[in-house]
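Participant: Prediction below, plus the sequence it came from.
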Amino acid sequence: MNSQPLDFVPASEFKQRAADAVADDHLRKSFRGAMDFLIGKRAAQFPDAAALESQRSLAEHIRKYSLARLPELLEQLERKLTDNGVQVHWAETGEEACAIIVGIAQRHSTKLMVKGKSMVSEEVELNHAMADAGIDALESDMGEYIVQLDGEKPSHIIMPAIHKTKQQIARLFADKVPGAGYTESVDELIGIGRAVLREKFMSAEVGLSGVNFAVAETGTLCLVENEGNGRMCTTVPEVHIAITGIEKVVDKLDHVPPLFGLLTRSATGQAITTYFNMISGPRKPGEKDGPGEMHLVLVDNGRTQAYSDEQLRSTLQCIRCGACMNHCPVYTRIGGHAYGTTYPGPIGEIISPHMLGLNATHVLPTASSLCGACGEVCPVRIPIPELLVRLREEAQHDARPGHAPLRGQGAAKSRLVDAVWSGWAALYTRPALYRAFGWLATRFRALTPPMQGGWTVSRTPMKPAARTLHELMAARRKR
Amino acid sequence: MSARDNILRRLRAAPQGEAPLAPDVSAFYAAVNASAPPSTRASRIELFCEKMAFWRGEVVRVRRANWPQELRQICVEKGVRSLLHGEASVHAEALKAAGIAGLKPYDRPLGEWKKELFEDTDAGFTSTRGGIAETGTLIVWPDASEPRLMSLVPPIHFALLDADQLHDTLFDAMHAQRWSDGMPTNALLVSGPSKTADIQVTLAYGAHGPKELVVLLLVNGEEMQ
């Protein structure tokens, strides 16, 4: 399964894909329905606005505090985990992370690796690397399993198969799962997935998972889930590998409840998930199950770039609840695939430039009306709209004095845009020139071209008024 | 330079404003608790039952004197042919004495009987370390006697919860039980049977884990209802 690399369309083609998505009525209906559902469920969890604000303040404080102490917390986490018998690895890039995981799998002559939900493993394209090494990497979260079976990528970080109808999934299972008949009953479809995946949990040599919170104090990895596949992946195979971004660490166990409570309520409007799985090490002598060997892979992949700037650092406060995308008017209309990146929606627009460089992603921060909904619902108060504006600026200009250039700094610089702005500046700083321009533009307004590039694609052409405002005001004073 | 050194070096080179003070999570929860009516044993039991029912967990109130007989009765009603239990658990003798049919101790390493566990075990019985009223949650700490998969693989999970061990919140439970002194290899919070809404946001139970969760809540005689 998944031996074909899933070629992801480059983000530079974002505008075309967005236009296609907007024209797809069925897709828009799926997303509108699902997002309205999630928005309603979240709102029901926070009936008291003042209480929500105090929870957000605490969560923001915890995340900012953790980031301020990040290097020492990472070292403490490594020390604790090592004491608990876990092997800790560090990877600067996605390729390094994949090489580490492939290496561990090969040492155990792995044929099959079962995966619990992990966005970081998607981010580093782990499934490609495993396929290249001849190892099957099977997604076991129901949504991820469905998406992988169809050779696709997730369209939402919490609900990966949200773009599919049950009829499409029924057809997919009937076509691709040996022995499965066509059924549109959701219970039966889940039953088919359960049966297939139980076989795989039993035979897999390696289980992979992500991490929601890593607690430095006790060396504990926390996983949040409803299905139980995460518990299967971290318990049944002989080897468990956890992969996570370096920003996920918190100082104390005490810091987990406030973040966990906001995560599930913001994500799916649940007060808690079915399982909260806290893993602090491989099985001890005498324990009869659990992995005999456990690894943690800490991934940078551009996170240190965001960390190096005090404003951009707040990007790393994210706890991956997905509320920003659920509430984003752009995401709701174009869906997750149009972005072409692992993380879609507002959080994707601010994190992807650090992972992939502004060359490939400079258009993403422009996929926003700056309405502010993402910033308003973010449980850890990431100022997403401000970061979008900042990244737009970095894409158009050289680095600010005293700041190191971002990867792909100035990638969206355009001579035409620069010339237009210089012209504008010249006009607006020279009164005589400004008046002359105003006179010409109003007197010769009939010559305004009817086609005005992107503006006239869906709008009527702009045309100067018959007289400038200055002239109108002067005429009024004379009267 | 290793990847580790490079990452830590870049983090340490980053400009740091004024370091934020450590967040006072205890004060936050103290303030929340102070603004609500004080909880009582009765209110905790009631809230736990309501929330657990919301997650589709069944709660059966039982007494210390005869809970194994109650369990035996439920097993008969549900048609349970084999019940997995901890080999050296404190409850093993009580289960045997109640005459529950098909008792199966988890007495071997997983590798020796994976297939039987997955395919031929109807239910699992575990103890719990306590519960959380606010969210309807069980605290399960697997160990050598009650391994991790007992609460995950069999289609039905029976869990014994002592009402004395009900806490208001996760934070309260963590503190009362002093978790930060040392965590086990695996600790779990369980709120209802396994579920998913990944197909068209439609809720389905028994995604990968148990399809049913039955909580045997140990209460006093007058709390039996």
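Facilitator: Yes, it's here.
Participant: List the contacts of whatever residue of the stretch 201-350 of chain A ends up closest to chain B.
Facilitator: At 3.0 Å from chain B, residue A:228 is the closest residue in the stretch 201-350 of chain A, using C-beta to the nearest C-beta. Heads up, the C-betas are built off the backbone N, CA and C, glycines and all. Residues counted as contacts of residue A:228 (C-beta atoms under 8 Å, 6 or more residues apart in numbering or on different chains) are A:274-275, B:152, B:194, B:207-210.
Participant: Now list the buried members of those.
Facilitator: Buried subset of the contacts of residue A:228 (neighbour count, 16 or more other C-beta atoms under 10 Å in any protein chain shown): A:274-275, B:152, B:194, B:207-210.
Participant: follow-up on the earlier one: for residue B:23, see how far away the residue of the stretch 201-350 of chain A closest to chain B is.
Facilitator: Distance from residue A:228 to residue B:23, counting by C-beta to C-beta, to the nearest Å: 32 Å.
Participant: try residue A:438
Facilitator: 57 Å.
Participant: Now do the contacts for the closest residue to residue B:91 other than its chain neighbours.
Facilitator: Ranked by C-beta to C-beta, 6 or more residues apart in numbering or on different chains and with sequence neighbours excluded, the top spatial neighbour of residue B:91 is residue B:127, at 6.4 Å. Contact analysis of residue B:127 by C-beta under 8 Å, 6+ apart lists B:86, B:89-91, B:146, B:159-160.
Participant: so can I have JSON lines of those showing secondary structure and neighbour count?
Facilitator: Formatted as JSON lines, the contacts of residue B:127 follow (DSSP: H, G, I helix; E, B strand; the rest coil; neighbours: other C-beta atoms under 10 Å in any protein chain shown):
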{"residue": "B:86", "secondary structure": "strand", "neighbour count": "24"}
{"residue": "B:89", "secondary structure": "coil", "neighbour count": "20"}
{"residue": "B:90", "secondary structure": "coil", "neighbour count": "9"}
{"residue": "B:91", "secondary structure": "coil", "neighbour count": "19"}
{"residue": "B:146", "secondary structure": "coil", "neighbour count": "25"}
{"residue": "B:159", "secondary structure": "strand", "neighbour count": "24"}
{"residue": "B:160", "secondary structure": "strand", "neighbour count": "20"}
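Participant: for chain B, what's the longest helix?
Facilitator: Counting by DSSP state H, the longest helix found in chain B is helix B:41-54.
Participant: Give me the helices and strands touching it, please.
Facilitator: If contacts are counted by 3 or more C-beta pairs under 8 Å, 6 or more residues apart in numbering or on different chains; DSSP states H and E, helix B:41-54 sits against strand B:58-62, strand B:166-167, strand B:212-218.
Participant: now those strands in a markdown table, with mean neighbour count, distance to residue A:348 and mean pLDDT?
Facilitator: A markdown table is the format used below for these (neighbours: other C-beta atoms under 10 Å in any protein chain shown; distance: least, C-beta to C-beta, whole Å; pLDDT from 0 to 100):
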| stretch | mean neighbour count | distance to residue A:348 | mean pLDDT |
| --- | --- | --- | --- |
| strand B:58-62 | 18 | 41 | 97 |
| strand B:166-167 | 22 | 38 | 98 |
| strand B:212-218 | 21 | 36 | 98 |
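Participant: Which of those strands sits closest to residue A:191?
Facilitator: strand B:212-218 (14.6 Å; C-beta to C-beta).
Participant: in its sheet, what does the closest one sit against?
Facilitator: Sheet pairing for strand B:212-218, assigned by DSSP bridges, gives strand B:58-62 (parallel), strand B:156-162 (parallel).
Participant: tilt between the first one and helix B:41-54?
Facilitator: Read that as strand B:58-62. Strand B:58-62 runs at 150 degrees relative to helix B:41-54, counting by axes from the mean of the first three to the mean of the last three C-alpha atoms, to 10 degrees.
Participant: For strand B:58-62, which outside residues touch it?
Facilitator: Contacts for strand B:58-62 (C-beta under 8 Å, 6+ apart): B:48-49, B:52-53, B:70-71, B:74, B:212-219, B:223-225.
Participant: redo that, cut-off 7 Å
Facilitator: By C-beta atoms under 7 Å, 6 or more residues apart in numbering or on different chains, the surrounding residues in contact with strand B:58-62 are B:49, B:52-53, B:70, B:74, B:213-219, B:223-225.
Participant: Report the angle between the helix or strand just after it and strand B:58-62.
Facilitator: Toward the C-terminal end, the helix or strand that comes next after strand B:58-62 (DSSP states H and E) is helix B:67-78. Between helix B:67-78 and strand B:58-62, the angle comes out at 140 degrees (the same axes, to 10 degrees).
Participant: re earlier: can I get the strands paired with strand B:212-218 in a markdown table with distance to residue A:307?
Facilitator: Conversion of the strands paired with strand B:212-218 to a markdown table gives the following (distance: least, C-beta to C-beta, whole Å):
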| stretch | distance to residue A:307 |
| --- | --- |
| strand B:58-62 | 47 |
| strand B:156-162 | 42 |
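Participant: Of the ones you listed, which is nearest residue A:213?
Facilitator: That would be strand B:156-162 among the strands paired with strand B:212-218, by C-beta to C-beta, at 24.6 Å.
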